[in-house]
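*Asks:* Provided below are the primary sequence and the corresponding predicted coordinates.
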2 protein chains.
Amino acid sequence: MSEYVNVALDAMGGDNAPAEIVKGAVNAVNDNGNVKVYLVGDHDAVEAELKKYTYPKDRIETVDSTEVIGMDEAPVMAIRKKRDSSLVKALNLVKEGKCDAFVSAGSTGAVLAGGQLLVGRIRGVERPPLAPLIPHANGVSLLVDCGANVDARPSHLVQFAKMGSAYMKYAMGINNPRVALLNIGVEEEKGNALVKETYPLLKNCTDINFIGSIEAREIPMGGADVIVCEAFAGNVALKMYEGVGKVFLSKIKGALMKNLKTKIGALLIKSSLKETLKAFDATQYGGAPLLGLKGLVVKTHGSATAGEVRNSIIQCITFKEQDVNGKIKQYLDLDSDIN
Amino acid sequence: MSEYVNVALDAMGGDNAPAEIVKGAVNAVNDNGNVKVYLVGDHDAVEAELKKYTYPKDRIETVDSTEVIGMDEAPVMAIRKKRDSSLVKALNLVKEGKCDAFVSAGSTGAVLAGGQLLVGRIRGVERPPLAPLIPHANGVSLLVDCGANVDARPSHLVQFAKMGSAYMKYAMGINNPRVALLNIGVEEEKGNALVKETYPLLKNCTDINFIGSIEAREIPMGGADVIVCEAFAGNVALKMYEGVGKVFLSKIKGALMKNLKTKIGALLIKSSLKETLKAFDATQYGGAPLLGLKGLVVKTHGSATAGEVRNSIIQCITFKEQDVNGKIKQYLDLDSDIN
């Protein structure tokens, strides 16, 4: 193994592959001297893109693959059948220990299934959650789980809380992260059966900073650092967040472009507005980690462009350097009854 | 019974009671000649507010009550114990047939419990859902259920779809409303156990326009007219919608007020922006109806001011005049296996 953090990058996944994926890899190695990227994809297509850029040649290596897993393929089947796909070959680099982390903008289902089947869970982790970072008024929170495990059990949610705490503390540098349970009211007796069973378990965890229930309304206001939920509710929360943001922005843009007067007004507020809205740009933080696996598996948006891909690669460096997986193991071992 | 639509209004519920509630009642009767409001609350407080306004005296009647149900009281207990509360007395006016509808900005839990215990369900309705209207890019959708029934069963969701269709068609005038199931992906095999069981049932309903699954992201874009979900997910969706909207607006306001240049820009775009954002103001549609009860029960926001209270009262007129409850019965009877 080299002294670098080695990242296996699925060059063929996502709407903008391979052009933006390759560009993101180039930007990452140019911006950070500690990372090496293994670009897995169609040799000719990847090389054609790479030729456009200047970068340290020893820090991008290409790995040829002949297949691509589509967005609409049944995940487990695709992972099993398409052994020569960019996604499977890149994940295998992590499995074999050649890479520390994997990044893909491809099918979420295939990344989740492949991560579990090929990279595998840390022993004692019941369910690995997908945990995107979502920006709020004054920073960023982690939403665990957001799509990996629907119909989760209380013990899963307890592990999510611990893994999320480890991630926010060590990967994001937030001291004593506030953990809250996503609920439809803040009183302890509120909620569905899962939440009512989970609440007292979290309350009894001495190794996390559990602050109680949180309503979805408080998430964009920064009401907690780690928001624990099963995947269905988490996915609804995440996608509503994205959808409202998108519609609001497009409507505001329309209002600014309405006539000459508003266009002049728009010029005057443009830079201030841009700066404000930048804080809500989730892509600055990279992709969503799938926590609890033996290596780091990161899912970026299917629509990711070079900037998000670059940030997702940089994210892997902190994860490795801070030994977040080691910390996750510590957090889970502290409470022996759930292992 | 008079020729009016009679609305029982909880004058003591909500953050701005009784002043804004009374004002809303006055505005409603002044704006619409077909409604009579029964203002239930503390006699002196209500009369003191009423004195401030001019209105047709025969269309506002006061009903004295001596108790108030607080926002943090256990709902069922409060309904049973506080017989002389404004909420219970107003609901009883519907129960006794003196009023057609009930409106309150008070405790959601108490409105839901009181609606079921006092007004009662239409025979055959398994669970009455709380169904707020949420504005989208080009109109408005109904989100059923949003907080009344967590851990609902598939048969409940089928009824939600039918009641929601009746409401959108007859109360809101949307022809052949598109019904979608809230899910974490659009493919039929996606979802949790509840959604997977419910999907084929909805697909088999010939009396509604079922268009399949919808992701939360598509809701603000107007992807469906009726969005069916159990209450936990619906509540998360609704509150995230409200929270993101609130934070975005406050951040944008901050960006506009940053310096002299942006303040001048803000003046130029103000009216256009206001007009655009008005479309996203849920209060223009009134409150959230609790569907499937023998009378109409409407819950408005706890923070409601006169405008929203007025709109909630006006909403009751269409409901009565279009005989939405009669239509709900028709929709549910059509499919005899669920009754």
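*Replies:* Looks like it came in fine.

*Asks:* what residue spans form the domains of chain A?
*Replies:* Segmentation of chain A into domains, based on automatic domain parsing, reads A:5-125+A:292-323, A:133-280.

*Asks:* quick one: the strands in chain A?
*Replies:* For chain A, the strands defined by DSSP state E cover A:5-10, A:35-41, A:60-64, A:101-104, A:133-136, A:139-144, A:178-183, A:209-215, A:226-228, A:288-290, A:296-299.

*Asks:* for these, which one sits closest to chain B?
*Replies:* strand A:209-215 (5.2 Å; C-beta to the nearest C-beta). Using the backbone N, CA and C atoms, a C-beta is placed for each residue, glycine as well.

*Asks:* close to chain B, is stretch A:281-290?
*Replies:* No. Counting by C-beta under 8 Å from any C-beta of the partner chain, no contacts exist between stretch A:281-290 and chain B, the nearest distance being 12.5 Å.

*Asks:* please compute how far that stretch lies from its chain's middle.
*Replies:* On the basis of C-alpha atoms, centre = their mean, to the nearest Å, stretch A:281-290 sits 5 Å off its chain's mean C-alpha point.

*Asks:* for stretch A:301-315, same thing?
*Replies:* Centroid separation between stretch A:301-315 and its chain, computed with C-alpha atoms, centre = their mean, is 10 Å.

*Asks:* need the residues that contact it.
*Replies:* Outside stretch A:301-315, the residues within contact range by C-beta atoms under 8 Å, 6 or more residues apart in numbering or on different chains are A:7, A:9, A:13-16, A:20-21, A:23-25, A:27-28, A:31-32, A:35, A:37, A:71, A:103, A:105-108, A:171, A:283-287, A:289, A:298, A:300.

*Asks:* how about a cut-off of 7 Å?
*Replies:* If you take C-beta atoms under 7 Å, 6 or more residues apart in numbering or on different chains as the criterion, stretch A:301-315 is touched by A:7, A:9, A:14-16, A:20-21, A:23-25, A:27-28, A:31-32, A:35, A:37, A:71, A:103, A:105, A:283-287, A:298, A:300.

*Asks:* redo the strands of chain A as JSON lines? Include mean pLDDT and mean neighbour count.
*Replies:* As requested, these are exported to JSON lines (pLDDT from 0 to 100; neighbours: other C-beta atoms under 10 Å in any protein chain shown):
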{"stretch": "strand A:5-10", "mean pLDDT": "98", "mean neighbour count": "29"}
{"stretch": "strand A:35-41", "mean pLDDT": "98", "mean neighbour count": "25"}
{"stretch": "strand A:60-64", "mean pLDDT": "97", "mean neighbour count": "18"}
{"stretch": "strand A:101-104", "mean pLDDT": "97", "mean neighbour count": "31"}
{"stretch": "strand A:133-136", "mean pLDDT": "93", "mean neighbour count": "21"}
{"stretch": "strand A:139-144", "mean pLDDT": "96", "mean neighbour count": "25"}
{"stretch": "strand A:178-183", "mean pLDDT": "97", "mean neighbour count": "25"}
{"stretch": "strand A:209-215", "mean pLDDT": "97", "mean neighbour count": "19"}
{"stretch": "strand A:226-228", "mean pLDDT": "98", "mean neighbour count": "31"}
{"stretch": "strand A:288-290", "mean pLDDT": "95", "mean neighbour count": "28"}
{"stretch": "strand A:296-299", "mean pLDDT": "96", "mean neighbour count": "28"}
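
*Asks:* out of those strands, flag the one nearest B:Asp84.
*Replies:* With C-beta to C-beta, the closest approach to B:Asp84 among those belongs to strand A:209-215: 31.5 Å.

*Asks:* wait, what's in contact with A:Leu9?
*Replies:* By C-beta under 7 Å, 6+ apart, the residues touching A:Leu9 are A:21, A:25, A:37-40, A:90, A:103, A:313.

*Asks:* can you pick out the most distant pair from those?
*Replies:* Farthest-apart pair in those is A:Val40 and A:Ile313; separation 13.4 Å (C-beta to C-beta).

*Asks:* contacting residues around the residue in the stretch 1-150 of chain A that chain B sits nearest to?
*Replies:* The nearest approach of the stretch 1-150 of chain A to chain B comes at A:Val150, 3.9 Å away (C-beta to the nearest C-beta). Counting by C-beta under 7 Å, 6+ apart, A:Val150 makes contact with A:230-232, B:191-192.

*Asks:* the closest residue to it other than its chain neighbours: neighbouring residues, count only.
*Replies:* Distances taken as C-beta to C-beta, 6 or more residues apart in numbering or on different chains put B:Asn192 closest to A:Val150, at 3.9 Å, once the chain neighbours are dropped. Neighbour count of B:Asn192, defined by other C-beta atoms under 10 Å in any protein chain shown: 21.

*Asks:* residue contacts, B:Asn192?
*Replies:* Contacts for B:Asn192 were tallied using C-beta under 7 Å, 6+ apart; they are A:150-151, A:232.

*Asks:* and those residues, which of them are in helices?
*Replies:* Among the contacts of B:Asn192, DSSP state H puts A:Phe232 in helices.

*Asks:* how about the contacts of B:Asn192 in TSV, adding pLDDT?
*Replies:* Below are the contacts of B:Asn192 laid out as TSV (pLDDT from 0 to 100):
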residue	pLDDT
A:Val150	82
A:Asp151	84
A:Phe232	95
